[in-house]
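**Q** okay, here's the prediction I keep looking at, along with the sequence it came from:
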Amino acid sequence: MSIDTSYAQGNVPVGGSGSSGASEPVDRTSLDKQAFLKLLVAQMRYQDPTSPMDTTQLMAQTTQLNTMERLVELSDTQREAFALQMRSSAAALVGREVTWKDSETTTRTGVVTAVSYAGAVPTVRVGDTDVPLDAVAAVTAADPTATTPPTTPAA
């Protein structure tokens, strides 16, 4: 027996907490844990007593819910780990010389003096320029004897 979710589109708050006044849009294309449980309870409540729900189907649906929850947790953990890795990588660039393209044709180089984590992607400070970490094309050890300005066009 499969779960018919078509009636749930207007009746069950799908993907949200169900609280009124929430400014977040409700995703009506996927089922969250609360919606799944409400549908399961409704299915059990309105099942035909002469033909009850098969326990193997109930176990399969419960297993699917558990698997979905674990996948969401794993996805969140991976996202957090990637963000931490980006922050660590940006911090390791302080004092190193980086090369990046600031436009379609201009390649620039300079020594990283600071890192900012204010945005979704960390930025490194080179001279008076903030460079997104994903724009850095090359990293080299800074020459301590160099007296060039921190932001110079590369040859």
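**A** Now that the structure is in, tell me what you want to look at.

**Q** when you work out contacts or count neighbours from here on, use the C-alpha atoms and nothing else.
**A** Noted.

**Q** any low-confidence regions in this structure?
**A** When residues are selected by pLDDT under 70, those of the chain lie in 1-31, 53, 144-155.

**Q** ok, residues contacting stretch 77-86?
**A** 121, 122, 133 (Cα atoms under 8 Å, 6 or more residues apart in numbering).

**Q** okay, now the sheet partners of the longest strand along the chain, with direction.
**A** Taking DSSP state E as the criterion, the chain has its longest strand at strand 107-116. Strand 107-116 has the following sheet partners, assigned by DSSP bridges: strand 96-101 (antiparallel), strand 123-126 (antiparallel), strand 152-153 (antiparallel).

**Q** buried sites along that strand?
**A** By 16 or more other Cα atoms under 10 Å, the buried positions in strand 107-116 come out as 108, 109, 110, 111, 112, 113, 114, 115, 116.

**Q** mind putting the residues you listed in CSV, distance to residue 83 included?
**A** Shown next, in CSV, are the buried residues of strand 107-116 (distance: Cα to Cα, whole Å):
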residue, distance to residue 83
108, 26
109, 25
110, 24
111, 23
112, 20
113, 21
114, 18
115, 14
116, 13
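
**Q** and those residues, which is closest to residue 57?
**A** Nearest to residue 57 among the buried residues of strand 107-116: residue 116, at 51.2 Å, using Cα to Cα.

**Q** from the chain's centroid, how far away is the helix or strand residue 61 falls within?
**A** With secondary structure defined by DSSP states H and E, residue 61 is part of helix 55-92. How far helix 55-92 lies from its chain's middle: 11 Å, per Cα atoms, centre = their mean, to the nearest Å.
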